[in-house]
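Peer 1: next come a sequence and a model predicted from it.
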Amino acid sequence: MKKKCLIYVVCYNHEKFILKTLERIPQILSEYYDIEILVANDKSKDKTLEETKKFVTKHFKYNVISLYKNLGYGGNQKIGYYYSILNNFDYVVLLHGDGQYAPEYLPDILNKFEEKEKISAVFGSRMLEKGSALKGGMPLYKFVGNKILTFAQNLLLDVKLSEFHSGYRAYKVESLKKIFFQKNSDGYSFDTEIIIQLILNKLKIKEISIPTFYGDEISYVNGFKYAAQIMIETYKAYLYR
């Protein structure tokens, strides 16, 4: 019997990218998994919703939800993870609607769950392959900030992740049931908080190398505010440990 996998696509003002991103999801996934694509439009101010309705697929179940108000990056994720639990999925993958994280790597990410070791989450890392992030167009200030924050977080949490700040993630749904992700921030620090929850619950995270791509997508992250928030959460976890 095929494992059930939810590909949860978060999008906000992604009218220029969302359709191309969905079309890049490998059809071969349907041979190995029972796939549903769920697009969550976080009350975009452009024509993102209209563009999502143009997507047609014969290989996957496809649904779109349009949130009644903007719930934020973390709040949007909570919806998808609740959905995956309530509908008895085995895995849920977070995919960004702007195409910054290559959908072509979905098979590589999901295949890691099939290995013998017990893995609770698989993260796509832009930092595993030395120099690839800068070659892929990551701005130098983001690269340096990423490295400094990841170093500090590894030190405080006593782990060895190559990157804390990739948004390309897959979770085993059984593992999501063991953590209180609903208590996390509705903002961008959600990603760090869920890593902390996995670590504190001794749930294994696996990383794979992914390419870096920066194009015309718009970032809504306030870098200084984000850095402060995640370091506060990381230090709280350090004190808890």
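Peer 2: Received it, and whenever you're ready, just let me know what you need.
Peer 1: quick one, helices of this structure?
Peer 2: Assigned by DSSP state H, the chain shows helices spanning 18-23, 48-52, 72-86, 106-111, 132-135, 140-157, 173-176, 190-200, 223-240.
Peer 1: low-scoring stretches of the chain, by residue?
Peer 2: Applying pLDDT under 70 to the chain picks out residues 215-220.
Peer 1: if we use 50, what do you get?
Peer 2: For the chain, no stretch is flagged by pLDDT under 50.
Peer 1: number of residues surrounding residue 101?
Peer 2: Residue 101: 24 surrounding residues under other C-beta atoms under 10 Å. For every residue, glycine as well, the C-beta is placed using N, CA and C.
Peer 1: how far away is the closest residue to residue 23 other than its chain neighbours from residue 25?
Peer 2: Once flanking residues are discounted, residue 23 sits nearest to residue 55: 7.1 Å by C-beta to C-beta, 6 or more residues apart in numbering. From residue 55 over to residue 25 the distance is 10 Å, taken as C-beta to C-beta, to the nearest Å.
Peer 1: before we move on, the earlier item: now for the residue nearest to residue 23, how many residues are close by?
Peer 2: Neighbour tally, residue 55, other C-beta under 10 Å: 19.
Peer 1: for it, give its distance to residue 231.
Peer 2: With C-beta to C-beta as the criterion, residue 55 and residue 231 are 39 Å apart.
Peer 1: got a list of what the residue nearest to residue 196 when sequence neighbours are not counted touches?
Peer 2: Closest residue in space to residue 196, ignoring its immediate chain neighbours: residue 237 at 4.5 Å, by C-beta to C-beta, 6+ apart. Residues in contact with residue 237 (C-beta atoms under 8 Å, 6 or more residues apart in numbering) are 156-157, 196, 199-200.
Peer 1: neighbour count and distance to residue 121 for the residues you listed - can I get that in a markdown table?
Peer 2: Putting those into a markdown table (neighbours: other C-beta atoms under 10 Å; distance: C-beta to C-beta, whole Å) gives the following:
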| residue | neighbour count | distance to residue 121 |
| --- | --- | --- |
| 156 | 17 | 19 |
| 157 | 19 | 15 |
| 196 | 25 | 12 |
| 199 | 18 | 10 |
| 200 | 13 | 13 |
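Peer 1: now compare those residues and name the two farthest from each other.
Peer 2: Farthest apart among those by C-beta to C-beta are 156 and 200. That separation is 12.1 Å.
Peer 1: let me have the helices of the chain in TSV, extended by distance to residue 38.
Peer 2: TSV is the format used below for those (distance: least, C-beta to C-beta, whole Å):
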stretch	distance to residue 38
helix 18-23	11
helix 48-52	11
helix 72-86	6
helix 106-111	14
helix 132-135	29
helix 140-157	29
helix 173-176	13
helix 190-200	18
helix 223-240	26
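Peer 1: between these, which gets nearest to residue 166?
Peer 2: helix 190-200 (8.2 Å).
Peer 1: and that closest one, what other elements does it pack with?
Peer 2: Under the contact definition 3 or more C-beta pairs under 8 Å, 6 or more residues apart in numbering; DSSP states H and E, helix 190-200 sits against helix 72-86, helix 140-157, strand 205-209, helix 223-240.
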